[in-house]
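Asker: Any chance you can model this:
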Amino acid sequence: MRDLENGALVRFMKTSMFQVVPLPTEVAERARRAAEARGADHAVVIVDSPDTYPCRHCLRFAKPGERLILFPYASIPAGHPYSETGPIFVHAEPCERYRATHEYPGDFRSGRAFRAYNTSYDMIDAEVADGNEPEAIVEKLLQNPETAFVDARSVTRGCYTFRIQRA
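Answerer: So this is what the prediction gives:
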């Protein structure tokens, strides 16, 4: 879409029929407290390059120089075949939880794989986004009535990024 005001070309994010669910604030705060207490499985890292360290709470890439907490997280609870614990990041300093939950996060338009799960936490479908329209992939996966939710994950590292549910 074009916004001709001020002669600028602006691309608007598509508002969708799904809801993005960022990492709960309670989980981010727990990770910060564990890192402060020097928990063995919580590390503080300093970002050294752009677009490589995604915070799962504010759903943006951290900027070089920012501090993040690296810690293990299981998006599928233990006791299910698809349960796995993997590393994720949150900002070491409190950040605002992603609020535009009816819009796909702009920092993650490419490099994401989408896994659809049913209510028993069984993976029933999966697809990789080509970077152009991840919303179309998510909406396609949510068209299956068996899909309870979709998890977005990193294509290269496999790490959990965020959950998507029907709006």
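
Asker: In the chain, where is pLDDT below threshold?
Answerer: 1-16, 131-132 (pLDDT under 70).

Asker: Would you map the helices across it?
Answerer: Assigned helices in the chain, in chain order: 25-36, 134-143 (criterion: DSSP state H).

Asker: which one of these is the most hemmed in?
Answerer: helix 134-143 (a mean of 19; mean count of other CB atoms under 10 Å). Glycine gets a C-beta too; all of them are placed from N, C-alpha and C.

Asker: Run through who's touching that one.
Answerer: 14, 16-18, 104, 108-109, 112, 114, 116, 125, 127, 129, 147, 150, 152, 164, 166 (CB atoms under 8 Å, 6 or more residues apart in numbering).

Asker: Test my guess that H102 contacts V21.
Answerer: No. Between H102 and V21 there is no contact, the gap being 11.4 Å when judged by CB atoms under 8 Å.

Asker: For the residue nearest to V150 when sequence neighbours are not counted, list the residues it contacts.
Answerer: Spatial nearest neighbour of V150, chain neighbours left out: I164 (4.4 Å); criterion: CB to CB, 6 or more residues apart in numbering. Going by CB under 8 Å, 6+ apart, I164 touches F18, Q19, V20, V21, F114, V138, L142, F149, V150, D151, A152.

Asker: Filter those residues down to the ones in strands?
Answerer: Residues of these located in strands (DSSP state E): F18, Q19, V20, V21, F114, F149, V150, D151, A152.

Asker: what pairs with the fifth one across the strands?
Answerer: With DSSP bridges as the criterion, the beta-bridge partners of F114 are E127, A152.

Asker: Please determine how far it is located from H91.
Answerer: Plainly put, F114 is 24 Å away from H91 if you go by CB to CB, to the nearest Å.

Asker: likewise the first one?
Answerer: Going from F18 to H91 by CB to CB gives 25 Å.

Asker: repeat for the last one
Answerer: Taking CB to CB as the criterion, A152 is separated from H91 by 19 Å.

Asker: Quick check: the farthest pair among the ones in strands among the contacts of I164?
Answerer: Across these, no pair lies farther apart than Q19 and F114, at 14.6 Å, counting by CB to CB.

Asker: Would you mind listing which of the ones in strands among the contacts of I164 are buried?
Answerer: The neighbour-count test (16 or more other CB atoms under 10 Å) marks F18, V20, F114, F149, V150, D151, A152 as buried among the ones in strands among the contacts of I164.
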